[in-house]
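In: Following is a predicted model, sequence given first.
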Amino acid sequence: MSCAAHRRTSYTFQLQIVRPASDCQRTAAFGQQIALLVAKMKVQRSIKSPLRADLSWEDKWAGADRGLIACWERGRQKAIESPDLVIKAAAGQLVSLPWKGGVETATKAMKKHGTLFYLAMWQGLRGDDLQIDVDAEVTLTCTVTGMRVTFTGDLEKYKNA
């Protein structure tokens, strides 16, 4: 990528990354600064925001939001495709979605972990604003099964969920 190709990238969720045109090399220090910013990030987007169109894979999944906005937007699209899921999710059911976090049947432990990607998609499906603090864990209880699901960004906690 040439120096001229660098541009200012603005996100609407309280994070702004600026790559100066004079600095073409990504340094380890710059990468560490970005990691610190991402680690203390809240991803927010209004339900009134239009869906983003024609984004590359990198823009959707490798950006500062780590794909949470893409999941939330997919939830909004799924709401149009499956109105029955909207009704269930609006009633507090943790419906089955492509990410870990949905509950079909209760387990003996009555608790499990889910991904923030699920939480983002579920918020979009319900028609909620996107509100995710990547440093916090959120626990929801499925209204149908009574299972408690703790949504986290910690892979170790949800990899076996």
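Out: Looks like it arrived, so ask away. Numbering: from 1, shown residues only.
In: who touches the residue nearest the centre of the chain in this structure?
Out: Among the residues of the chain, Leu68 comes closest to the average C-alpha position under C-alpha atoms, centre = their mean, at 2.2 Å. Counting by C-beta atoms under 8 Å, 6 or more residues apart in numbering, Leu68 makes contact with 43, 116-117, 120, 130, 132, 134. C-beta: built from backbone N, CA, C; applies to glycine.
In: Could the C-alpha coordinates of the lengthiest helix in the chain be exported in PDB?
Out: In terms of residue count, the longest helix belonging to the chain (DSSP state H) is helix 68-81. Output in PDB follows, covering the C-alpha atoms of helix 68-81 (Å, rounded to 0.1, in the frame of the first residue of the first chain):
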ATOM      1  CA  LEU A  68     -19.300  -6.800  15.900                       C
ATOM      2  CA  ILE A  69     -21.000  -4.300  13.600                       C
ATOM      3  CA  ALA A  70     -21.200  -6.800  10.800                       C
ATOM      4  CA  CYS A  71     -22.900  -9.300  13.200                       C
ATOM      5  CA  TRP A  72     -25.400  -6.700  14.400                       C
ATOM      6  CA  GLU A  73     -26.200  -5.700  10.800                       C
ATOM      7  CA  ARG A  74     -26.700  -9.400   9.900                       C
ATOM      8  CA  GLY A  75     -29.100  -9.600  12.800                       C
ATOM      9  CA  ARG A  76     -31.100  -6.700  11.300                       C
ATOM     10  CA  GLN A  77     -31.200  -8.400   8.000                       C
ATOM     11  CA  LYS A  78     -32.300 -11.700   9.600                       C
ATOM     12  CA  ALA A  79     -35.100  -9.900  11.300                       C
ATOM     13  CA  ILE A  80     -36.500  -9.100   7.800                       C
ATOM     14  CA  GLU A  81     -36.000 -12.700   6.700                       C
END
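In: Pull out the buried positions in the helix or strand just after it.
Out: Later in the chain than helix 68-81, the nearest helix or strand by DSSP states H and E is helix 83-90. Neighbour-count burial for helix 83-90 flags 85-86, 88-89 (criterion: 16 or more other C-beta atoms under 10 Å).
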